[in-house]
Every structure is written in C-alpha cells, then in structure tokens.
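**Q** need a structure here:
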Amino acid sequence: MSDEAIRRIKRGGAGEAHHEEIHAVPFEPGQSVLDALRWIRAHRDPTLAIRYSCTSANTCKECMVMVDGKTV
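**A** This is a model prediction of the structure:
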C-alpha cells in the first residue's frame with residue numbers, strides 16, 4: 001500500500017487570475033514531482049497541461065520546477 005503526498009499546484013495563464021489546487025497523490029519512494037503531475041493529469045484532472053521529454057537524457061530541463069520557492 002502506498003502513502004499519500006499532498007501536492008499544491010498554482011494554475012493560471014497570461015491575463016488570468018492564478019489559483020491553487022490541492023491534490024492527494026499516491027506516493028512511492030523515488031517518485032518525482034513530474035510523476036505526481038502525470039498521475040494528477042491521468043486520474044484527477046485531464047486539463048492539467050505539462051511539458052516533458054524524458055527520452056532525451058534530461059536535456060530538455062522541463063522537469064525543473066519551483067518547490068517551496070527553490071528551483072529543483
């Protein structure tokens with residue numbers, strides 16, 4: 001059985017008011033933020049738009065995000 005992790009996502013586009021969403025996501029050791037975002041999109045919110053290209057040996061840097069005010 002997996003644990004849960006709470007993920008807060010700030011959303012909004014250019015010219016839109018930003019808002020925060022809170023999602024409980026199954027957590028497994030070694031899971032990345034990208035894994036959680038992909039799970040949210042697949043199971044909770046298909047409108048969540050994310051970019052990633054994991055087939056190019058981390059060269060796209062799309063998986064760099066702000067976590068607690070730090071780029072990781």
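**Q** residue 53: how many residues sit nearby?
**A** Neighbourhood size, residue 53 [other CB atoms under 10 Å]: 12. All C-beta atoms are positioned from the backbone trio N, CA, C, and that covers glycine.
**Q** okay, strands next: where are they in this protein?
**A** Counting by DSSP state E, residue ranges of the strands within the chain are 3-11, 19-27, 66-67, 70-71.
**Q** can I get those strands in CSV including distance to residue 46?
**A** Listed next are the strands of the chain as CSV, based on distance: least, CB to CB, whole Å:
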stretch, distance to residue 46
strand 3-11, 14
strand 19-27, 13
strand 66-67, 23
strand 70-71, 27
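**Q** which one of the ones you listed lies nearest to residue 47?
**A** strand 3-11 (9.1 Å; CB to CB).
**Q** quick one: strands adjacent to that closest one?
**A** In the sheet, strand 3-11 lines up against strand 19-27 (antiparallel) (DSSP bridges).
**Q** contact partners of the partner strand?
**A** Applying CB atoms under 8 Å, 6 or more residues apart in numbering, the external contacts of strand 19-27 come out as 2-12, 36, 39-40, 44-45.
**Q** can you rerun that using 7 Å?
**A** 2-12, 36, 39-40, 44 (CB atoms under 7 Å, 6 or more residues apart in numbering).
**Q** filter those down to the buried ones, PyMOL style.
**A** Typed into PyMOL, the line below selects the buried ones among the contacts of strand 19-27, using 16 or more other CB atoms under 10 Å:
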select buried, resi 7+9+36+39+40
